[in-house]
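Participant: Give me a model of this one.
(chains A, B, C and D)
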Number of protein chains: 2
Amino acid sequence: MELTRRKKEILKIVVEGYIATAEPMGSKAIVEQMSGKISSATVRNELADLTELGYLEQPHTSAGRIPSPAGYRLYVNELMERKPLSAEETAEINRSLSGTMAGTDEMISRAGQMVSSIVGYPTYTVADHKSAATVQRFELIAVDSRSFIAVVMLSDSQVKSQLMALDLPVEAEQLPQLSHLLNTHFTGVGKAEMNGHLMSLSDQVDGNWFLLLNRVVEYAGELLARSERQEVFTNGASQLLKFPEYRDVDKAHDLMSFMVDNKENLPVPAGDTPMQILIGPENVNDALKESSVVIASYDIGDNMRGLVGVVGPTRMDYATVAARLSYFAESLSAMFGKKNQLPPKEEEK
Amino acid sequence: MELTRRKKEILKIVVEGYIATAEPMGSKAIVEQMSGKISSATVRNELADLTELGYLEQPHTSAGRIPSPAGYRLYVNELMERKPLSAEETAEINRSLSGTMAGTDEMISRAGQMVSSIVGYPTYTVADHKSAATVQRFELIAVDSRSFIAVVMLSDSQVKSQLMALDLPVEAEQLPQLSHLLNTHFTGVGKAEMNGHLMSLSDQVDGNWFLLLNRVVEYAGELLARSERQEVFTNGASQLLKFPEYRDVDKAHDLMSFMVDNKENLPVPAGDTPMQILIGPENVNDALKESSVVIASYDIGDNMRGLVGVVGPTRMDYATVAARLSYFAESLSAMFGKKNQLPPKEEEK
DNA sequence: TTTAGCACTCCTTTTCCCGGAGTGCTAAAA
DNA sequence: TTTTAGCACTCCGGGAAAAGGAGTGCTAAA
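Facilitator: Purely as a prediction, here's the structure:
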C-alpha cells in the first residue's frame, strides 16, 4: 500500500529534522515545518499511522518520533533530494584532486582523507582488482658491484622498484641476461605458479644466479600478494566523536576499533552499482548494526575499481553525503581515465 | 634535599598504584603494599610531606593522593625499573618485524602500528632526514611507443618509479641519451636548483625532449619534496578511549584530532638522545599538556633517523612503554643496518 | 618518632520530587 | 469521514536533599 502524499511529507520532515538535531520530533515542531497548514492533532494521527506501519519509532511513550531503519530506507529511496554542492565545495574538491600526481594507491588513500574532511564522517577506501594481477615486465638496473635495482611492472600498470643488496658480486653485463630470463619465465604468471617455475629453473642456472632470481621473484610475489590483499585504508575515525550517538565512549571505541582492526570486513558493494547505501541493521556486521554506510565506486583503468565508503550514525546526512560522494566518484573516474588511458581521439584524426 | 629512602618507596607505590588503577591512593592501600611494616598514620605523615614538597597532589581534601608531574618525573628519572619483556613479547616483536621486506617508509609506518598494538597506546612515526636528499641516479625504461618508466634512486637509497604516459611518441633509442642528460644535470642537486638547470637546458634540446625531461624532473622534485616533508604517521588513536582520563568525549576528541590534523606539531626529540620522556606540562603544545609522550629514535642508514612516539595520559605506564620502545628501537636499528649497509666483514677476510 | 583514635571534610551515589514535553483518546466541528 | 480542540496521562530529565563512605589531619599517648 502506497503512502499518501501527506504521510510522505511528514515522514520526510521527521527524518530531516532528526538528522539535523538528533532530537525526536514532536507533532508541534512538525506543524511549524508545514507552516501550519494542518493541526497538531491531525499530525499526531498521521504519526500514529506511520509508527504502526513501521516507519517511525518512539523512544518512549511521551517522546516524539524518530525514524526507524525502514523509515530511513524509504527516505533514501524516494524522498531524499540530493543536496547540491556549493560552488566553493566543487572548487575545493577540484583543487584538492588536482594537486598531486602520486602513485595509484597513495592517490586512493588520499582521496579517502579528502572525502572524510569534506563530508565530516570517517571514510574507508579500497582498490578492488577485478582479476588477479600478474607481472608484465621485469627490469634490472646495476648500481654497484654488490647491488642493483629491481623494477617490476604489474599488469595493472603499477610500477614498483626496490634496491637489492647482495652478498655476492654481480657483474653488470649479466643483468640483461637475468632480466631476460625473468621476463620469459615469470611474466603473465600468477603468484601461485611462480614458485614452480622457479624450481624448474634451479638446475638450469648457476647457483649465484639462482639466488638472485629467487630474490627478485620473491619481491614480485610480495607485490602481487599485496595488490591482491585489497588493502583497506581508513580515515578520520575520530570524527565519530562529534556525534551524540557516540558520546557513549564504549560505543565509539567499538566502532572505531572495528574500523581500524577489522577493516577487511567493512562492506564492499555487491554488483556494479555506482552507489550503495546500507542503513543500520542492513549491515551484515554486528559492529555496524547501529550505523550506516554509503559506498561509491569509481573506475581506475580497465581492471580496477576504487571504492570510497562513508561511515556514520544511522542518522547520517544521506542527502549531503550521497551528493558529495557521487561528485567525488565521477571526478576520480575522470582523473584516472585521463591518467592511464591513451590520449583521446584528437590525436587519431 | 634528597628524599629519604622511605619517602621514595612510598612515592613509587603511589605512582605505580595510580598508574595501575587510575584511582587516588590512600594511606591504607599503601600500608598493604608495604606489607604492614608501618602504620597508616605514619604513611599519612609522609604523604603530607611529599605533598608539601610538590611530588603528590590531592584531588580534594578527603581523597587519596595522586602523583604530580614532578612526582612522575622523579619516578621516571630515579625510581622506575623498566619492566622486562616476556619471552612471548620478544618473540612477537621479532616475528612481526621479520615478516616484511617492504620499502623504507612503509616499514616505518608499519613499525608504528606494531608498537601501538604491543604497548596499547597510540603512536606516531617520523623519518627524520639529517641532510637534504638529492637524486643519485635516473633511469628510463621504454614500455611502448607512448610510455616509459622513470626510475629515480635517491641519495638515501630509496628507489621510486612511475609509469609515464606521453602525448608524443618517443623512440626507445632516445631514452638512453635522455637518461644520460638527466644523470649529468640533475643528480646531486637539491630540489631548489633543479628548475634553474632545467631552464638552462631549454634551448639546448629539442622541444619534445624538453617536455619529457620536464616531466621526469618534476616527478623527481616531488619525490624530494616528499622526503623532506618528514611525513608523520599516526596509529591506533582509538586506543585512547580505553583510558578513563578520556572518558570525557571532548578531551578525547581534542587529542585525537590533534594527532591526526596537527601531526607535524607532535614532539620530536631535541638532540641525539635515544629516548625521551615528556610528562604533562613539559609538553610545549597545549593539546598535550595533560598527556605524556615517550619518544625513541633509531638509525636508518647513515643519513636518516627514525622516530617512534607513544602518546598517552600522564598516568602512562612508563616502565612498560620505555622497555618495549627501546627494544623496538634497537631491533629496528639492527634491521636497517643489516638491510642497507654492505654485508658484514665475514666477506672481507 | 611512631601509632591509635576520632572528628571532620567532601565526594559519590541514591532517592525523591517536580516540571514539561508529548502523547492518545474522546467528543465536537467541518 | 476527516479534522480539530481539549484533557488526562506518561515518562524523561534535572535539581535538591539525604545517605554513605573513604580518607584526611590532628591530638595525645606509646
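Participant: Residue A:272: how many residues sit nearby?
Facilitator: Each residue near residue A:272 was counted by other C-beta atoms under 10 Å in any protein chain shown, and the total is 7. No exception for glycine: its C-beta is placed from N, CA and C like everyone else's.
Participant: Also residue A:132?
Facilitator: That count, for residue A:132 with other C-beta under 10 Å as the rule, works out to 13.
Participant: swap in residue A:63?
Facilitator: 13.
Participant: Next one: the residue nearest to it when sequence neighbours are not counted relative to residue A:17, how far apart?
Facilitator: Of all residues beyond its chain neighbours, the one nearest residue A:63 is residue A:24 (4.9 Å), with distances taken as C-beta to C-beta, 6 or more residues apart in numbering or on different chains. From residue A:24 over to residue A:17 the distance is 9 Å, taken as C-beta to C-beta, to the nearest Å.
Participant: Same drill for the two, tell me which one is more crowded.
Facilitator: Neighbours around residue A:24 and residue A:17, counted as other C-beta under 10 Å, are more numerous at residue A:17. The numbers are 22 against 19.
Participant: Kindly provide the distance from the more buried one to residue A:118.
Facilitator: Taking C-beta to C-beta, one finds residue A:17 at 24 Å from residue A:118.
Participant: can you pull the contacts of the residue of chain A most remote from its centre?
Facilitator: Of all residues in chain A, residue A:206 has its C-alpha farthest from the mean position, at 46.5 Å, by C-alpha atoms, centre = their mean. Applying C-beta atoms under 8 Å, 6 or more residues apart in numbering or on different chains to residue A:206 gives no contacts.
Participant: what separates it from DNA strand C, distance-wise?
Facilitator: With distances defined as C-beta to the nearest atom of the strand, to the nearest Å, the gap from residue A:206 to DNA strand C amounts to 75 Å.
Participant: what does the model give that residue for pLDDT?
Facilitator: As summarised for this prediction, residue A:206 has a pLDDT of 81.
Participant: Spit out the contact partners of the residue nearest to residue A:63.
Facilitator: Contacts were defined as C-beta under 8 Å, 6+ apart; by that measure residue A:24 touches A:18, A:58, A:59, A:63, A:64, A:65, A:66.
Participant: Adding secondary structure and pLDDT, write these out as a markdown table.
Facilitator: Supplementary listing: the contacts of residue A:24 in a markdown table, determined by DSSP: H, G, I helix; E, B strand; the rest coil; pLDDT from 0 to 100:
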| residue | secondary structure | pLDDT |
| --- | --- | --- |
| A:18 | helix | 98 |
| A:58 | coil | 96 |
| A:59 | coil | 94 |
| A:63 | coil | 93 |
| A:64 | coil | 94 |
| A:65 | strand | 97 |
| A:66 | strand | 98 |
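Participant: Pick the one among these closest to DNA strand C.
Facilitator: The shortest approach to DNA strand C among the contacts of residue A:24 belongs to residue A:64, at 4.4 Å (C-beta to the nearest atom of the strand).
Participant: So that closest one is in contact with residue A:13, correct?
Facilitator: No. When contacts are counted by C-beta atoms under 8 Å, residue A:64 is not listed as touching residue A:13 (11.5 Å).
Participant: Overlap in contacts, those two.
Facilitator: Overlap between the neighbourhoods of residue A:64 and residue A:13 consists of residue A:25, taking contacts as C-beta under 8 Å, 6+ apart.
Participant: What values do phi and psi take at the residue nearest to residue A:63?
Facilitator: When read as degrees, to the nearest 10, the backbone of residue A:24 gives phi -60, psi 150.
Participant: One more: the one 10 residues further on?
Facilitator: Torsion angles at residue A:34 (phi, psi; degrees, to the nearest 10) stand at phi -90, psi 10.
Participant: Pretty sure it sits against residue A:6.
Facilitator: No. Residue A:34 is beyond contact range of residue A:6, at 9.1 Å (criterion: C-beta under 8 Å).
Participant: gap between the residue of the stretch 101-250 of chain A found nearest DNA strand C and residue B:118?
Facilitator: Residue nearest to DNA strand C within the stretch 101-250 of chain A: residue A:249 (15.6 Å; C-beta to the nearest atom of the strand). As for residue A:249, its distance to residue B:118 is 23 Å (criterion: C-beta to C-beta).
Participant: ditto for residue A:134
Facilitator: Residue A:134 sits 36 Å away from residue B:118, taking C-beta to C-beta as the criterion.
Participant: Pull out the buried positions in the one helix or strand residue A:113 maps to.
Facilitator: Assessed by DSSP states H and E, residue A:113 sits inside helix A:104-119. For helix A:104-119, burial by neighbour count (16 or more other C-beta atoms under 10 Å in any protein chain shown) applies to A:104-105, A:107-119.
Participant: hmm, it touching chain B?
Facilitator: No. Contact of helix A:104-119 with chain B (C-beta under 8 Å from any C-beta of the partner chain) is absent, the minimum separation being 8.8 Å.
Participant: what secondary structure does the residue in the stretch 1-150 of chain A positioned nearest to DNA strand D sit in?
Facilitator: The stretch 1-150 of chain A approaches DNA strand D most closely through residue A:62 (2.7 Å), counting by C-beta to the nearest atom of the strand. In terms of secondary structure, residue A:62 is coil; the call rests on DSSP: H, G, I helix; E, B strand; the rest coil.
Participant: Kindly report the same for residue A:13.
Facilitator: For residue A:13, the reduced secondary structure class is helix; criterion used: three-state DSSP.
Participant: Can you report how many residues neighbour it?
Facilitator: Residues lying near residue A:13 (other C-beta under 10 Å) number 19.
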